[in-house]
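A.B. asks: Sequence unavailable; structure follows:
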């Protein structure tokens, strides 16, 4: 199962945290772990994934100027667990967006928009965020050198659509990066 693979990789990364590349790798693995857990629908796995996100210490992300990743992981985990402080985490993420380098504002801004749509039960905001994220995915995937299913399917978008539907946001998004069988996961 991919969620278990991401979890194992995440644990290995945490054991050797000594460089910014480890932080990047850990943040990417944690996001993919959370997304994979969403797709399984397994409540125990979801709890483990969200607990892992909440256990991540903020100071490490500050040290390497990746605090936006910390806020993204906590916002997603709070939405999954319905902790009551989802908006707080989204506000923290939004506050970091203007200071991001390169294409990061589009990536993190799109995820912020989609997550905000879930919290606010706003289908249009959610779909706008997913559309922006899919545009980022299309612009940044090297289709000539496909090396993983992630090049063909946008894991984050698929997971957020499943999560949104489970949280009552009735959305319908069509994209070549979204499998036709998505309805079976909800």
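C.D. replies: Right, received. Where do you want to start? Fair warning: this is a prediction, and the values are worked out from it, not measured in the lab. Numbering: from 1, shown residues only.

A.B. asks: gap between the residue of the chain positioned farthest from its centre and residue 175?
C.D. replies: Note on the chain: the largest C-alpha distance from the chain mean falls to residue 144, namely 24.9 Å (Cα atoms, centre = their mean). Residue 144 sits 20 Å away from residue 175, going by Cβ to Cβ, to the nearest Å. Glycine gets a C-beta too; all of them are placed from N, C-alpha and C.

A.B. asks: which stretches of this structure form helices?
C.D. replies: 2-15, 20-40, 43-55, 58-63, 67-81, 86-96, 104-120, 123-140, 149-152, 155-166 (DSSP state H).

A.B. asks: Would you mind giving the ones you listed as a markdown table with mean neighbour count added?
C.D. replies: Shown next, in a markdown table, are the helices of the chain (neighbours: other Cβ atoms under 10 Å):
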| stretch | mean neighbour count |
| --- | --- |
| helix 2-15 | 16 |
| helix 20-40 | 20 |
| helix 43-55 | 16 |
| helix 58-63 | 14 |
| helix 67-81 | 24 |
| helix 86-96 | 18 |
| helix 104-120 | 21 |
| helix 123-140 | 18 |
| helix 149-152 | 13 |
| helix 155-166 | 22 |
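
A.B. asks: among those helices, where is the model least confident on average?
C.D. replies: When these are compared on average pLDDT, helix 2-15 comes out lowest at a mean of 51.

A.B. asks: who are the neighbours in contact with the nearest residue in space to residue 94 that is not next to it in sequence?
C.D. replies: Spatial nearest neighbour of residue 94, excluding adjacent residues (Cβ to Cβ, 6 or more residues apart in numbering): residue 112 at 5.7 Å. Under the criterion of Cβ atoms under 8 Å, 6 or more residues apart in numbering, the contact list for residue 112 reads 72, 75, 90, 93, 94, 97, 129.

A.B. asks: how about a cut-off of 10 Å?
C.D. replies: Applying Cβ atoms under 10 Å, 6 or more residues apart in numbering to residue 112 gives the contacts 68, 71-72, 75, 90-91, 93-94, 96-97, 105, 129, 132.

A.B. asks: Those residues: which two are farthest apart?
C.D. replies: Pairwise distances across these peak at 19.2 Å for 91 and 132 (criterion: Cβ to Cβ).

A.B. asks: Count the residues that sit near residue 41.
C.D. replies: Number of residues near residue 41 (other Cβ atoms under 10 Å) recorded here: 12.

A.B. asks: correct me, but residue 117 touches residue 125?
C.D. replies: Yes: between residue 117 and residue 125 there is a contact at 3.6 Å, judged by Cβ atoms under 10 Å.

A.B. asks: Show me whatever sits in contact with both of the two.
C.D. replies: In contact with both residue 117 and residue 125: residue 169, using Cβ under 10 Å, 6+ apart.

A.B. asks: ok, now how distant is the residue nearest to residue 94 from residue 67?
C.D. replies: When residue 112 is compared with residue 67 (using Cβ to Cβ), they lie 14 Å apart.
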